[in-house]
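pasting the sequence and the predicted model now:
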Amino acid sequence: MKIESIRETLVDAVSRAEKVSGRNTTLPVLAGILLSTDKNQLILKATNLDLGITIKVPVKVSLEGKVVVPAQTLNQFLNSISKEKSISLESVNQTLKIVTSGSRATFKTLPTEDFPIIPELSDDLAFTMPTRDFIGGLKAVSFAAAQGSMKPELSSVLVSYQGDELVFAATDSFRLAEKRIKVKKIPHFNQLLIPAKNASDVVRLFDGISDDLSVTLGDNQIALRSGNVCLTSRVIDGTFPDYKQIIKQIFLEENISRVVVLKQDLTNALKTAVVFSDNFNQLILKVVPKEKVFQIESKNKDVGENEQSVPAVIEGKEVTMSVNSRYFTDSFQSIGVDSMSLSFSGEGRPILIQGVGDKSFLYIVMPMNR
């Protein structure tokens, strides 16, 4: 193989591929990127057996061929020669030589025959939507998925559709996040479960790509294509919890207490409150209608006590409840408006959090036992 490429283009491709490459000690080839040529294209492939990525970049090909190079080392080298504009790559025996106007390097290669095959899915069941919308949906909810759960469906992000909306949801049974995004074309599937770790990788790998995203489903696989990047991920074969009944119960509750606060006011108060929280990250929330304030109390026997009062518009009765501070605040990143609505349906009952005037995102968090 012998090619010439624009360094900036190659750096971007290698950087994305390196994020997918594995660290499997029993299969050293997973730590590499497969570089192969096809006419005037360089095709980069990387996989950790859970995710697979294929990236195509335009290059000048003098000699066809393929080679596997350690991903991390190649990425570090290319980023270190930032002043170079063009770069040439040539495979010689079991090495890859990289030459620029001011630099020369030789990399030991890995056996190409050991590199796993990355599944390729057809476009038969594809639908398209803006990449930023799909990525935004995953980003808005993936934090709520369980970490290393014995139930794979709780360690996944649900993607389904209702009417003209694509619905993203995740839960670890202690909290639940849902994001709705309008789509023009109805997808050809009922629902799919993407492993939460893979969902986070999808967000990172498609960051900055402005083209539309094409989504294709296969047998236990999903392919995402945007621009020159194609990412293949396994999907979970399971049943996501039927959380809609819980939401209905909260909305239909007659004795709901609602609190509307400025997100920044609440964020500032929580920064102080968590300093005094205990080992369980416990906060005590109090809805005080008479004083028109929302109170946050925290106690730690080794540190002390703290009470914060946040100005609020309150409807309903007085409520006192304990929550995990991290579970309570994780949702704030997904609320893009200045004011937040907190709905309390009674002590020991879930809290519903939404942005005021924005019904596209909702978050439910269970209270702690005091």
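On my side now, so go ahead.

from here on, contacts and neighbour counts on C-alpha atoms
Noted.

which element follows the helix or strand bottoming out on mean pLDDT in the chain toward the C-terminus?
Within the chain, no helix or strand scores below helix 244-252, which has a mean of 73 by mean pLDDT, DSSP states H and E. As assigned by DSSP states H and E, the chain's next helix or strand after helix 244-252 is strand 257-262.

who are the packing partners of that next one?
strand 313-315, strand 339-344 (3 or more Cα pairs under 8 Å, 6 or more residues apart in numbering; DSSP states H and E).

okay, that strand in PDB with CA atoms only?
Provided in PDB are the C-alpha atoms of strand 257-262 (Å, rounded to 0.1, in the frame of the first residue of the first chain):
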ATOM      1  CA  SER A 257     -47.600  19.900  44.700                       C
ATOM      2  CA  ARG A 258     -45.800  21.800  41.900                       C
ATOM      3  CA  VAL A 259     -42.700  24.000  42.300                       C
ATOM      4  CA  VAL A 260     -41.400  26.300  39.600                       C
ATOM      5  CA  VAL A 261     -37.900  27.600  40.100                       C
ATOM      6  CA  LEU A 262     -35.100  29.200  38.000                       C
END
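
extract the C-alpha set from the longest helix belonging to the chain and format it as PDB.
Ranked by number of residues, the top helix in the chain under DSSP state H is helix 7-20. Output of helix 7-20 as PDB, limited to C-alpha atoms (Å, rounded to 0.1, in the frame of the first residue of the first chain):
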ATOM      1  CA  ARG A   7      -3.000  15.300   7.300                       C
ATOM      2  CA  GLU A   8      -6.000  17.100   8.800                       C
ATOM      3  CA  THR A   9      -8.500  14.700   7.100                       C
ATOM      4  CA  LEU A  10      -6.500  11.600   8.200                       C
ATOM      5  CA  VAL A  11      -6.200  12.900  11.700                       C
ATOM      6  CA  ASP A  12      -9.900  13.300  12.100                       C
ATOM      7  CA  ALA A  13     -10.600   9.800  10.800                       C
ATOM      8  CA  VAL A  14      -7.900   8.100  12.900                       C
ATOM      9  CA  SER A  15      -9.100  10.000  16.000                       C
ATOM     10  CA  ARG A  16     -12.700   8.700  15.600                       C
ATOM     11  CA  ALA A  17     -11.500   5.100  14.800                       C
ATOM     12  CA  GLU A  18      -9.200   5.100  17.800                       C
ATOM     13  CA  LYS A  19     -12.100   5.700  20.100                       C
ATOM     14  CA  VAL A  20     -13.600   2.400  19.000                       C
END
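
next, the buried residues of that helix.
Across helix 7-20, burial judged by 16 or more other Cα atoms under 10 Å covers Arg7, Glu8, Leu10, Val11, Ala13, Val14, Ser15, Arg16, Ala17, Glu18, Lys19, Val20.

then stretch 305-318?
Asn306, Gln308, Ser309, Val310, Pro311, Ala312, Ile314, Glu315, Gly316, Lys317.

also stretch 93-105?
Within stretch 93-105, the residues that qualify as buried are Thr95, Leu96, Ile98, Val99, Thr100, counting by 16+ other Cα under 10 Å.

spit out the contact partners of the last one.
Contacts were defined as Cα atoms under 8 Å, 6 or more residues apart in numbering; by that measure Thr100 touches Glu84, Ser86, Ile87, Ser88.

list buried residues within those residues.
Neighbour-count burial (16+ other Cα under 10 Å) applied to these gives Glu84, Ile87, Ser88.

out of these, who's nearest Val202?
Ile87 (28.5 Å; Cα to Cα).

my read is that that closest one contacts Ile6, right?
Yes. Contact criterion Cα atoms under 8 Å: Ile87 and Ile6 qualify, at 6.2 Å.

send the alpha carbons of stretch 302-315 over as CSV?
Below are the C-alpha coordinates for stretch 302-315, written out as CSV (Å, rounded to 0.1, in the frame of the first residue of the first chain):
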residue,chain,number,x,y,z
ASP,A,302,-18.6,14.9,60.4
VAL,A,303,-19.1,18.2,58.6
GLY,A,304,-22.2,20.0,59.8
GLU,A,305,-25.6,21.1,58.6
ASN,A,306,-26.9,23.5,55.9
GLU,A,307,-30.2,24.9,54.7
GLN,A,308,-30.8,26.6,51.4
SER,A,309,-33.9,28.5,50.4
VAL,A,310,-34.8,29.0,46.7
PRO,A,311,-37.5,31.5,45.7
ALA,A,312,-40.3,29.5,44.0
VAL,A,313,-43.8,29.6,42.6
ILE,A,314,-45.7,26.9,44.5
GLU,A,315,-49.0,25.2,44.0
